[in-house]
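Colleague: model this:
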Amino acid sequence: MAVRPFQNVTLSQQVRDHLRREILSNRLAPGAHLHEEVIASELGISRAPVREALRLLAAEDLVTIAPRRGAVVRELSADDFRAAYQVREALETLAVRLAVPRMGDDDHVALRELYQRMSDAAAHADAERFGEADAAFHIHIVERSGNKRLIEIYKHLKNQIRQYRRWSMALRGGFERSLVEHAAILGAIDAGDVETAVQRLAEHLRAPQVRLEANAREGRA
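Modeller: Predicted coordinates for the structure are as follows:
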């Protein structure tokens, strides 16, 4: 007897995934109100799976739900941004310590290809493609750490701050500065120099934090 595969993704999970994509792409901007009835009408479904989807997004810290205000795309303050990058630095520097000794030729090729994708995107001033290649470069390192718990925590954090990719790039100083920093990280990894890779990665992740603090001292947003 032929048995059809079970569909494990519920309607509420499909709605969650749809809304997550809209949030992370900034099509739903920070501070945007998410009205259950409007979303349900647009998707042609009842409000119940939308309500559950919003609850799931709130658990991911992408949405806040408040009495009388409803669901709102989470806004990240300067303090939130700084704290997230401090945690990101701790996770990624640990990841690179674990990953570099485990990397083989395929990993070095993959990282060089991702760097080239970043370079090509920069040449065309394509912030979206640059950001995607940048994120893939970092997640490749994290996944090669082999630490499942670290990977899980990192991906959760990245979902929260991905929507502020352009803010991060502006604080960092543009494409060229980021390419120089990634080239330094890649060079250390290719050389198998763990400590230098850690140092270059930490410097890369601190750059937007330093600029943010400088802006705060100068009274700029």
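
Colleague: quick check: buried residues in stretch 174-194?
Modeller: The neighbour-count criterion (16 or more other CB atoms under 10 Å) identifies 175, 178-179, 181-182, 184-186, 188-189, 194 as the buried residues of stretch 174-194. Where C-beta positions appear, they are placed from N, C-alpha and C, glycine not excepted.

Colleague: confidence-wise, which of these comes last?
Modeller: Across the buried residues of stretch 174-194, the smallest pLDDT goes to F175, namely 89.

Colleague: show me what contacts it?
Modeller: Contact criterion CB atoms under 8 Å, 6 or more residues apart in numbering gives 118, 121-122, 125, 130, 169 as the residues in contact with F175.

Colleague: which residue ranges of this protein form strands?
Modeller: With DSSP state E applied, the chain shows strands at 33-34, 63-66, 70-73, listed in chain order.

Colleague: from the ones you listed, which stretch is densest packed?
Modeller: Each of the strands of the chain was given a mean neighbour count from mean count of other CB atoms under 10 Å, and the largest, a mean of 19, is that of strand 70-73.

Colleague: contacting residues around stretch 91-106?
Modeller: With CB under 8 Å, 6+ apart as the contact definition, stretch 91-106 has outside contacts at 138, 141-142, 144-147, 150, 153-154, 157, 189, 192-194, 197-198, 201-202, 205.

Colleague: let's see 10 Å
Modeller: 107, 110-111, 138-147, 150-151, 153-154, 157-158, 185, 188-202, 204-205 (CB atoms under 10 Å, 6 or more residues apart in numbering).

Colleague: return the set of buried residues in it.
Modeller: Of the residues in stretch 91-106, those buried (16+ other CB under 10 Å) are 91-92, 94-96, 98-100, 103.

Colleague: now stretch 145-160
Modeller: Residues of stretch 145-160 classed as buried by neighbour count (16+ other CB under 10 Å): 145, 147, 150-151, 154, 157-160.

Colleague: same check, this time on stretch 123-131
Modeller: Within stretch 123-131, the residues that qualify as buried by neighbour count (16+ other CB under 10 Å) are 127, 130-131.

Colleague: ok, stretch 194-214 next?
Modeller: Under the neighbour-count criterion of 16+ other CB under 10 Å, stretch 194-214 has 194, 196-202, 204-205, 207-209, 212 buried.

Colleague: picking that back up, and the buried residues of stretch 174-194, which is closest to P30?
Modeller: Each of the buried residues of stretch 174-194 was checked against P30 using CB to CB; the closest is S178, at 22.5 Å.

Colleague: now the closest one: how far from I161?
Modeller: In this structure, S178 lies at 15 Å from I161, with CB to CB, to the nearest Å as the measure.

Colleague: what of I153?
Modeller: For I153 relative to I161 (CB to CB), the value is 13 Å.

Colleague: picking up where we left off before, between the contacts of F175, which is nearest V38?
Modeller: Proximity to V38 was ranked across the contacts of F175 by CB to CB; first place goes to M169, at 31.6 Å.
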